[in-house]
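> quick one: sequence and predicted model below, then my questions.
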2 protein chains.
Amino acid sequence: MPKVGIDAIYIHTPELYVDTTELALARGEDPKHFTDGIGITKFAIPPANEDQASMAATAAYRLMRMHNIKPEDIFRIDTPTESGLDASRALVSDVIGMLEQIYGKGSFSHILGYEQKFACVSGMERLLDTSAWFAAGWNSRKYALVLVTDIAKYELKSKEEPTQGAAAAALLIGENPRLLEVIPGAVGSGLRHEKGDFKKPGGRTIALVDTIGKGRSYAAYLSEMKQAWINFSLASAKIGLVNPSKNESLVDLIDRAGFHNPHKKMVLAAFASLLIHEWRNLPKWSSITEKIGPEPSRAGIDDVSFYMSKEYNDYRRKFMVLPEVTEYFEQRLGSSLVAPEIIGNCYAASVFVGLDSIFENDKDDLSSKIIALCGYGSGSHALIQATRVSENYKEIKAKLDLMKRLVHRRKISVEEYEALHSGKVTIDDQPVLSKPRFVLSKIGQHGTAEEGNREYIFVE
Amino acid sequence: MPKVGIDAIYIHTPELYVDTTELALARGEDPKHFTDGIGITKFAIPPANEDQASMAATAAYRLMRMHNIKPEDIFRIDTPTESGLDASRALVSDVIGMLEQIYGKGSFSHILGYEQKFACVSGMERLLDTSAWFAAGWNSRKYALVLVTDIAKYELKSKEEPTQGAAAAALLIGENPRLLEVIPGAVGSGLRHEKGDFKKPGGRTIALVDTIGKGRSYAAYLSEMKQAWINFSLASAKIGLVNPSKNESLVDLIDRAGFHNPHKKMVLAAFASLLIHEWRNLPKWSSITEKIGPEPSRAGIDDVSFYMSKEYNDYRRKFMVLPEVTEYFEQRLGSSLVAPEIIGNCYAASVFVGLDSIFENDKDDLSSKIIALCGYGSGSHALIQATRVSENYKEIKAKLDLMKRLVHRRKISVEEYEALHSGKVTIDDQPVLSKPRFVLSKIGQHGTAEEGNREYIFVE
C-alpha cells in the first residue's frame, strides 16, 4: 500500500482585513472581548471582486504554478465548501472555467470532481476520500486537487460578527507525499443529529448561528470532538500508533494538533475538554484536582448539556489557566493558531490554515512527527485523522509564504467594511491585489437569463 | 484487491403521482407531447409530510431491515443530493436523527458522512468514492450506505413541469457485493464549465432550467456524455475490458446501460449520439448512411452548438427510428427505462432507479453481464463506470419489489397536485402511506429560533 497524503499546500486568503479592536470600539465593546475572549485580532474580508470560486481558483493556480503541475497530471478536483454559490451546480465547474483560461479550453475535460458539504468538516472528509482513491490504486493520474474554500459571513452587529473571515486551501494530494502522510486506520468520527445551532435553511445565504458564548454550538463542538477522540483512540490502539506509558494518554503522544478553528478560544476549550477526558484516569490527574478540585458531576444530564453548564465551564476555565496546561497547549497547539488568529474563521478551510500555520510557525524539527487533524462541522460531525510529517517536508515548507503575505494586506476601516458587507461596493470599484489571480467581473442579474452566472477574468 | 460494489439496493419513491396525460389536458397540450415526446407518463410527487431527508431515511431503514444490517455494521453514510434542505448543514444529520429513533440514541455516533453535490451526478460519484474506501481497505466496518435523494420540482405551468419526480435510492456498499461489482479502472469522466443551463443561484430552491426541447442543457448532456465515453473507452482499452472485433465498438459489447434519466427521450438521444460516435468509423456505418445519408458537417462549430443545431437533431431523429437502432436500444436500454417513465425525474437518484429497473424488468439472465452506469450532472459533468453483475445476483433481485409498489400508488388530480405544489396542503392533512416510514411532522417557522428545523416521526 503506497503512502498517501498532502504533497503540497497553498492558502489564499483575501487581502483586505478588519481590525477587531477597531470593530469592538465601533460596536461599543471592550476590544479584549474580541481579541482575547474570542481570540481573533484581524479577519480577512473578500473585496467585491472575489468570491468562493475565484479564491479556490487562485489558490489552485498558484499551487499548480509553484509546483509545475499540469492539468494532465490531475485526475480529480473537488471543492468542499459550506458557502457554495448555487444550490445545484457545483463550485468546481466555475473553478474549471477559470483554470481553462490559463491552460486552454478542454484541458480539464478528463477530470472527476464535485462539491461537498457538512458545514466545516467537508474539507477533512474530502482529504480522506481523495486519499482513498490513491490508496486503492484507483487514481488514473499522479495527483488530485482538493480546493477547500469558504467565506464566513454573519450579520452586521451580530454576536458572531468578529468571527468572520475567508480563505481557500488548495491541497495537492498524491502518493509518497512530500509534506504529510495520512496514517491509514488512525481515524475517528463523532456524528450526532443536531439541528439548531448553525443553519442556512430555505435558501438563506447567511447562517443562523449561535457560536459565541456558552451556546449549544460551542458545546456540540466539544461533545462531538470528544466522541471522535474516543473512536480515534480505539482505532489508534488497534494499529499500534503509539504506546502510552502508565501515566500517559494518547493525546500526550500526539506531537501537534490542528483543529477546526472558528476562533481561538473555541479551539482551546475543545482541546482542554479532551485533556480532561484523557487525563482523569491517569495518576497525574491527582495533582490537577489538588489545585482545582474534582470535576463537576455529570449525573442525570447528557453530554451537550454538561458542556453547556456553568459548573463545567467554570471548571474548564480553571483547568485552562494551570501553568502545566498552558505550556502543554503552547507546545501542541501554539503554532497552529498563529495564522487563524489574524485571518478569522474560514469554515472548512480553517483546519488547513492551521496546518499551514504549523509548518510556517513551528520552531521544532517536525520530521516524522504526528499531527492530529481535528475537523468539525456543525450539525454535528467531528473527524480526527492522524498524519505523519514527511521526512523531507522542508522542501515544501521552504515554499510556504502565507505569513509573509499576511503582512502585506490592506486594513480597511469599519465604515469601508460595512459598505463592503452590505453590498454597497460594486465589483468595478475594487482593487486587484496580489497577482496572478482570478477576479469576479460580473454577476448575472436576478430575473434575467443570466441570473447568477458569474464571469471571471485572470489578472497577471 | 477485493471486489467492491453494490451489495443491495432499495428505491423509495413517494406514493402520490400525477398522470401526465391529465396534466397535458389541463395545460392545453397534446398528451402525446408529454407521454411520448418527453417520455414520462406519470411522475411521483411527495406529500407534504415527506421530504428529501425522510425519503432517504425511509429507504435506508427499509434496506437495513430487509438485509438485517445493524448500525454497527456501517462505517459511513453519505447523502448525495442536489435538492438539499440547508445550505450549510448536511442532510445526513437529519437522516441519522431519524434512524436513531429506531436503533437508539448514539447508535450512529461512529459514522463518517456528508452531503455532496454536482447537480445529478453526485450519486454516481459517491458510489465510486465510497467503493474506493473498501478497495483501499480503509473501511473500518463491513458496510457503507449511500443514500441518494432528490425531488425534482419546477414551476407550475413551466416547460419542465412534466419532468418532475422524486425518489431516494439506498445503496449498501461492501466487499464481494451480491448485486454489482465496480470494475476498477473502467471509468471515464467528461467535465466542462457550463453556467447557464441548470442553476439555483442566490438561495433559490427551485431550479432555473432549460432542459426541454433542443436547449443548451440537452446539448450539454449529449456533449459531456460523449466526452466521458471517449475517456471511458481509453480506460477500458487499457485494462482490456472487452475485445471488439473489426466491425464492433466498445458500446456493442456493453450488455446494458443505465443512464441518468431526466426523461426518456433525453436518454435515447444521448445513447443515439454515442452510437453515431462509436459506429461512424466502422464498416457497418455504410449501411446506415445508405439509409439516412451522411452526418451533417461540424465544421466551424463547437460540440455543444453542433448538438443544438437543427441539422444534427434532424439527423439524430432519423437515426433513432431505424429498425436496427430501435431494436438495439430496446435490448440495451429497454429494461432501465420502465420504472423512470412512471416515476419521473429524480435527479441524482435516477441512474439508480434505472439500475433497479434493469434488475426487475430484464428478461435475460444478467449474471456476469456488464452494465455501464452513465451519470450526468448539469454544470456539466458526465461520469461513466462499468460494473459487472454478480454471479449470484438473483438472491438480491428476488427481494426487489419497486415495480410492485409502483402499482399501489395513489393518483392525485391536477387540482390536488397544484395545491400540494403551491404549499397549500399542510403536513397534518397528509396521508401516511406504506409503512414503516418516516414522516415530516413539523418545520420551524421563519423568524423563530426553530427556523428550518425539521421534526420527523416514525410510523410503523
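Yep, it's here. Remember, it's a predicted structure, so these values are computed and weren't measured experimentally.

> low-confidence ranges, the stretch 351-460 of chain A, go.
By pLDDT under 70, the stretch 351-460 of chain A has no low-scoring segment.

> give me every residue in it lying close to chain B.
Contact residues, the stretch 351-460 of chain A versus chain B (CB under 8 Å from any CB of the partner chain): A:377-381, A:383, A:444, A:446, A:449-454. In this view, the C-beta of every residue, glycine as well, is placed from N, C-alpha and C.

> between the residues you listed, which sits nearest residue B:157?
residue A:449 (18.5 Å; CB to CB).

> excluding covalently adjacent residues, which one is nearest to the closest one?
residue B:196 (6.9 Å; CB to CB, 6 or more residues apart in numbering or on different chains).

> how many residues are close by the one you found?
Applying other CB atoms under 10 Å in any protein chain shown, we find 21 other residues in the vicinity of residue B:196.

> quick one, what contacts it?
A:449-450, A:453, B:210, B:216 (CB atoms under 8 Å, 6 or more residues apart in numbering or on different chains).

> which one of those residues has the most neighbours?
residue B:216 (21 neighbours).

> surely that residue touches residue B:302?
No: look at residue B:216 against residue B:302 with CB atoms under 8 Å: they stay out of range, at 11.8 Å.

> now residue A:24: which helix or strand?
Per DSSP states H and E, residue A:24 falls inside helix A:20-26.

> residue A:18 too?
strand A:16-19.

> partner strands of that strand, with direction?
Using DSSP bridges, strand A:16-19 pairs in its sheet with strand A:42-45 (antiparallel), strand A:410-411 (parallel).

> contact partners of that strand?
Against strand A:16-19 from outside (CB under 8 Å, 6+ apart): A:41-47, A:164, A:342, A:409-412, A:414, A:417, A:420, A:433.

> residue A:78 - that's part of a strand, no?
Yes: according to DSSP: H, G, I helix; E, B strand; the rest coil, residue A:78 belongs to a strand.

> what about it, how many neighbours?
Neighbours of residue A:78 using other CB under 10 Å come to 33.

> and it, what are its bridge partners?
residue A:146.

> near chain B, which residues of the stretch 151-300 of chain A?
A:184-185, A:187, A:189-196, A:198-205, A:207-208, A:227, A:231, A:235.

> now which of the residues you listed would you call buried?
By neighbour count, with 16 or more other CB atoms under 10 Å in any protein chain shown, these hold A:184-185, A:187, A:189-196, A:198-201, A:204, A:207-208, A:227, A:231, A:235 as buried.

> and the longest helix for chain A?
Secondary structure of chain A per DSSP state H: the longest helix is helix A:216-239.

> distance from the chain centre to that helix, please.
17 Å (CA atoms, centre = their mean, to the nearest Å).

> following that helix, which helix or strand comes up?
By DSSP H and E, the next helix or strand past helix A:216-239 is strand A:256-259.

> check which helices and strands that next one sits against.
Here strand A:256-259 touches helix A:264-279, helix A:323-343, helix A:350-361, strand A:370-377, going by 3 or more CB pairs under 8 Å, 6 or more residues apart in numbering or on different chains; DSSP states H and E.

> residues touching that strand, excluding its own?
A:267, A:270-271, A:332-333, A:335-336, A:351-352, A:354-355, A:357-358, A:362, A:366, A:369-374, A:376.

> redo that, cut-off 7 Å
A:267, A:270-271, A:332-333, A:336, A:351, A:354-355, A:358, A:369, A:371-374 (CB atoms under 7 Å, 6 or more residues apart in numbering or on different chains).

> hmm, who's touching the helix or strand bottoming out on mean pLDDT in chain A?
Lowest by mean pLDDT, DSSP states H and E among the helices and strands of chain A is strand A:208-209, with a mean of 82. Applying CB under 7 Å, 6+ apart, the contact partners of strand A:208-209 are A:154, A:160, A:198-199, A:217, B:451.

> list the buried ones in stretch A:97-105?
A:97-100, A:102.

> residue A:99 touches residue A:57, doesn't it?
Yes: Residue A:99 lies in contact with residue A:57 (CB atoms under 7 Å); the separation is 6.0 Å.

> the closest residue to chain B within the stretch 351-460 of chain A: what's it in contact with?
Among all residues of the stretch 351-460 of chain A, residue A:452 sits closest to chain B, at 2.3 Å; criterion: CB to the nearest CB. For residue A:452, the contact set (CB under 7 Å, 6+ apart) comprises A:86, A:444, B:199, B:201-202.

> swap the cut-off to 10 Å and go again
A:85-86, A:89, A:443-446, B:195-196, B:199-204, B:208 (CB atoms under 10 Å, 6 or more residues apart in numbering or on different chains).

> out of those residues, which comes closest to residue A:320?
So of the contacts of residue A:452, ranked by how close each gets to residue A:320 (CB to CB), first place is residue A:85, at 38.7 Å.

> circling back to that earlier point, give the residues shared as contacts by residue B:216 and residue B:302.
Contacts common to residue B:216 and residue B:302, judged by CB under 10 Å, 6+ apart, are B:223, B:308.

> excluding chain neighbours, what is closest to residue A:219?
Distances taken as CB to CB, 6+ apart put residue A:307 closest to residue A:219, at 3.7 Å, once the chain neighbours are dropped.

> tell me which element that neighbour falls in.
Using DSSP H and E, residue A:307 falls in helix A:303-308.

> which residue is the nearest non-sequential neighbour of the residue in the stretch 1-150 of chain A that chain B sits nearest to?
Nearest to chain B, among the residues of the stretch 1-150 of chain A, is residue A:97, at 3.1 Å (CB to the nearest CB). The shortest distance from residue A:97 to any non-neighbouring residue, by CB to CB, 6+ apart, is to residue B:193 (3.1 Å).

> and the residue nearest to residue A:219, what does it touch?
Contacts of residue A:307 (CB under 10 Å, 6+ apart): A:214, A:216, A:218-223, A:226, A:269-270, A:273, A:298, A:301, A:313, A:316.

> now with 8 Å, please.
A:218-219, A:222-223, A:273, A:313.

> would you agree residue A:385 falls within a strand?
Yes: per three-state DSSP, residue A:385 lies within a strand segment.

> helix/strand/coil for residue A:181?
Criterion first, three-state DSSP; result for residue A:181: strand.

> which ones are touching it?
Applying CB under 8 Å, 6+ apart, the residues near residue A:181 are A:3-5, A:387-390.

> look up how far residue A:5 lies from it.
Computed as CB to CB, to the nearest Å, the residue A:181 to residue A:5 distance reads 4 Å.

> now swap in residue A:340 and tell me
Separation of residue A:340 from residue A:5 (CB to CB) stands at 21 Å.

> of those two, which one has the most company?
A side-by-side neighbour count of residue A:340 and residue A:5, using other CB under 10 Å, places residue A:340 first with 30 against 25.

> and for the most centrally placed residue in chain A, nearest residue in space, chain neighbours not counted?
Ranked by distance to the mean C-alpha position of chain A (CA atoms, centre = their mean), the top residue is residue A:350 at 1.7 Å. Leaving aside its sequence neighbours, residue A:350 sits nearest to residue A:261 (CB to CB, 6+ apart; 4.4 Å).

> for chain B, see how far away that neighbour is.
From residue A:261 across to chain B, the span is 17 Å (CB to the nearest CB, to the nearest Å).

> so how far is residue A:327 from that residue?
20 Å.

> residue A:317 too?
17 Å.

> could you measure the residue of chain A positioned farthest from its centre against residue A:322, distance?
Largest separation from the mean C-alpha position in chain A: residue A:290, at 36.4 Å (CA atoms, centre = their mean). According to CB to CB, residue A:290 stands 11 Å off from residue A:322.
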